[in-house]
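# Any chance you could fold what I've pasted below:
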Amino acid sequence: VSDLRAQLAEAAEKGAADEGEWRSRLQDAKDKAAAAEAKLRTQLHDSKQQAAADDAQLRGQLTEAEEKAAEAEAALRAELVAARFKAVASEGRLRAQLAEAEETALASVTQQDAAMETK
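Next up is the predicted model:
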């Protein structure tokens with residue numbers, strides 16, 4: 001009986017030691033998991049901050065590009081208006097020259113007719 005009690009005591013000690021070892025391993029695993037979670041949370045936070053910074057930078061670049069496009073469009077519209085005014089002015093000059101040429105031609109024909117009648 002005492003031999004069984006000794007074996008039982010030995011088994012209890014071994015069980016307590018094993019339980020202590022398993023508790024220690026479990027705590028180590030929990031600590032590692034907590035550290036990994038903290039690291040991932042930090043990485044996620046950093047990633048979100050970087051994404052926000054990138055978004056702000058891209059929005060700034062987009063705004064700048066839109067402003068440049070609007071300036072270029074305004075400049076092209078101004079050039080178009082100037083070209084139209086120039087074309088209208090040229091057309092006016094050409095019409096005046098045509099009218100003058102027609103008057104000159106009519107006057108010349110009238111003089112020739114008058115000269116023919118006097119002959």
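# Next, count neighbours for residue 103.
10 (other C-beta atoms under 10 Å). For the C-beta atoms, the positions are set from N, CA and C on the backbone; glycine is no exception.
# For it, pull up the helix or strand it's in.
helix 2-118 (DSSP states H and E).
# and that helix, how far from the chain's centre?
0 Å (C-alpha atoms, centre = their mean, to the nearest Å).
# What's the local residue count around residue 104?
For residue 104, using other C-beta under 10 Å, the count is 10.
# what do you get for the one 10 residues further on?
Number of residues near residue 114 (other C-beta under 10 Å) recorded here: 10.
# Likewise for the one 4 residues further on?
A total of 6 residues lie near residue 118 under the criterion other C-beta under 10 Å.
# Does anything pack onto the helix holding residue 103? Which helices or strands?
On a contact count with 3 or more C-beta pairs under 8 Å, 6 or more residues apart in numbering; DSSP states H and E, helix 2-118 meets no helix or strand.
# could you give the mean pLDDT of it?
Mean per-residue pLDDT for helix 2-118: 95.
# any idea how far residue 23 is from residue 99?
112 Å (C-beta to C-beta, to the nearest Å).
# Next: residue 96.
108 Å.
# How about residue 52?
With C-beta to C-beta as the criterion, residue 52 and residue 23 are 43 Å apart.
# now do residue 58
Taking C-beta to C-beta, one finds residue 58 at 52 Å from residue 23.
# and if you look at residue 37?
21 Å.
# do residue 117 as well
138 Å.
# next one: residue 67
Relative to residue 23, residue 67 is positioned 66 Å away (C-beta to C-beta).
# what's the answer for residue 92, then?
Distance from residue 92 to residue 23, by C-beta to C-beta: 102 Å.
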